[in-house]
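> Return a 3D structure for these sequence lines:
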Amino acid sequence: MASVIMYLCQRCRVTPMLFLLIIPVVTAMYLIYSLHKQILLFPTNEISKEHQVRILHLQGLVEDLNNEISETIAERDLLREKVQFLVGNLSQQMQLLSKENGDTWMDKYLELYQNENFENEQLLGCKQLDTIQILAKIGQGYSKVVQEGLYGRTHVAVKSVAAVVRDVQSCLKSNNYKKTEDCYLLSNYKLLKEALMLRELKHESIVKLLGVCVRSENPSPYIHERGITSVVELGSRDAVLLPQLKKLPWIQRLKISQSLASLLSYMAESPLGSLRIPDFKEEQFVMVDDVIKLSDVDDVTNLEPSCDDDMKCLIDGREIGIQCHSSYRCLGMNSRLNFARANEVFLSPLLQHSAPIKLQNSVTSLLQDVKNFNVDANELQLSLQRLEKQYYKLNSDPAF
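Below is the predicted model of the structure:
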């Protein structure tokens, strides 16, 4: 019997609650089998009166067990319907919030979730997150607070909603909601959206999601009481500020630029569609083990900018070869905007500053092509790789 249960544990991918309902069914079936076996052991022509009473008793037990099986199956089906209802209701609410914010990423995520065979990654859950020791507050944005935590011996970044963030404060001061909890709805949505996106987006220049816990919509200073908490890799924000980056050797800045070019390429063709970082700035990134990584994705969207007959598809007031689509969207604009902002914030400052004299012409020419959109992210990666080879040749060959 134990082996049957262990087999089910290993082979059946069911939720713990459904599994608890399955155990009585298996147990009952095993008992029925045993009881029938005992009945068959008695020859019909030699059954004594005492044995007949025992057989009747056993038959009554079999009937009771059959009834219990039927009731358990009914309870299982009812529970399954409730779970499906809750999942569907949650999906509808998140889709509604997504559309209210002019975002369609949730449709893409649900399509992937329903149609693809997702691997169930071993993310930390509420029980594990409750053991994290909060060490210090390291950042605060419009919708969430970021703290440094210690999980075992690993330092992590803990993200959660708090009453002090700007979005919540603006809502509380507006008095537009009767319940205080309602003012946490948008911020909680953004935190959940970020966790879902980080689970799907896999790239070496995007922070890794380590765990998530959802209890309610209420915040708390204590991690074991917080409504929603997500945990990601811990990185340094100070290390990605431009004054700090400019102190690095030029070849290291070139490698950072290569990582950014790879990220731009991935964002243009991600599993969630072409994604745009609306607020592309240094503060959206961290440095993890000398690798620059995008850490804040709650505002990332796959919705292309809108346009019409009077509003053209422009970047910084200039045309870029994209026409307004019949859907009144500038299709292809997301990747171009990321490209332009990445060049403005990182690429030009990092590559131009103290570039090797014999490579300055190549650097200037490449950055001009980037500015004029004469190259895409893939071509940029190849050009940066050629620059790296030229750099090492320059340092190994004095005659170069």
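
> use CA for all of it now, contacts and neighbours both
Fine.

> which residues of this protein fall in helices?
2-11, 16-40, 49-100, 105-115, 126-129, 166-174, 185-200, 242-245, 250-268, 333-342, 348-352, 360-371, 377-396 (DSSP state H).

> Show me where this structure dips below the pLDDT cut-off.
1-52, 54-55, 57-59, 61-62, 64-121, 397-400 (pLDDT under 70).

> let's go with 50 and repeat that
In the prediction, the chain carries residues with pLDDT under 50 at positions 2, 4-5, 7-18, 42, 44-45, 82-83, 85-89, 91, 112-120, 400.

> what domains does the record give for it?
Domain assignment for the chain by automatic domain parsing gives 2-100, 126-233, 238-396.

> Redo those domains as TSV? Include mean neighbour count.
TSV is the format used below for those (neighbours: other Cα atoms under 10 Å):
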stretch	mean neighbour count
domain 2-100	13
domain 126-233	18
domain 238-396	17
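
> how much space is there between the nearest residue to residue 190 once chain neighbours are set aside and residue 209?
With sequence-adjacent residues excluded and distances taken as Cα to Cα, 6 or more residues apart in numbering, residue 190 is closest to residue 298, at 5.3 Å. Residue 298 is 13 Å from residue 209, where distance means Cα to Cα, to the nearest Å.

> same thing with residue 336?
27 Å.

> and what of residue 331?
Taking Cα to Cα, one finds residue 331 at 30 Å from residue 209.

> again, but for residue 149
From residue 149 to residue 209 the distance is 14 Å (Cα to Cα).

> wait, doesn't residue 184 sit right on residue 164?
No - assessed by Cα atoms under 8 Å, residue 184 is found out of contact with residue 164, at 10.9 Å.

> Residue 330 against residue 302, yeah?
No - counting by Cα under 8 Å, residue 302 is not a contact partner of residue 330; they are 11.8 Å apart.

> Residues in contact with stretch 316-328: which ones?
With contact meaning Cα atoms under 8 Å, 6 or more residues apart in numbering, stretch 316-328 is reached by 306, 307, 308, 309, 312, 313, 314, 330, 331, 332, 333, 373.

> Tell me the one of those residues nearest residue 283?
When those are ranked by distance to residue 283 (Cα to Cα), residue 333 comes first, at 22.7 Å.

> The nearest residue to the closest one once chain neighbours are set aside and residue 273: what is the separation?
Using Cα to Cα, 6+ apart and skipping the chain neighbours, the partner closest in space to residue 333 is residue 304 (6.2 Å). Distance check for residue 304 against residue 273: by Cα to Cα, it reads 10 Å.

> now swap in residue 381 and tell me
Distance, residue 381 to residue 273, by Cα to Cα: 21 Å.

> And for residue 125?
28 Å.

> Also residue 186?
Taking Cα to Cα, one finds residue 186 at 23 Å from residue 273.

> Next: residue 332.
Taking Cα to Cα, one finds residue 332 at 11 Å from residue 273.

> Nearest to residue 247 among the contacts of stretch 316-328?
residue 373 (28.4 Å).

> who touches that closest one in this structure?
Contacts of residue 373 by Cα under 8 Å, 6+ apart are 320, 336.

> Am I right that residue 181 is in contact with residue 227?
No - with contacts counted by Cα under 8 Å, residue 181 stays clear of residue 227, the gap being 10.8 Å.

> any common contacting residues for the two?
Common neighbours of residue 181 and residue 227 (Cα under 8 Å, 6+ apart) are 217, 218.

> Tell me where the stretch 201-350 of the chain has strands.
Residue ranges of the strands in the stretch 201-350 of the chain, as given by DSSP state E, counting those that start in this stretch, are 209-214, 228-233, 285-288, 291-294, 314-315, 318-319.

> Name the strands paired with the second one and say parallel or antiparallel.
In this case it means strand 228-233. strand 154-160 (antiparallel), strand 209-214 (antiparallel) (DSSP bridges).
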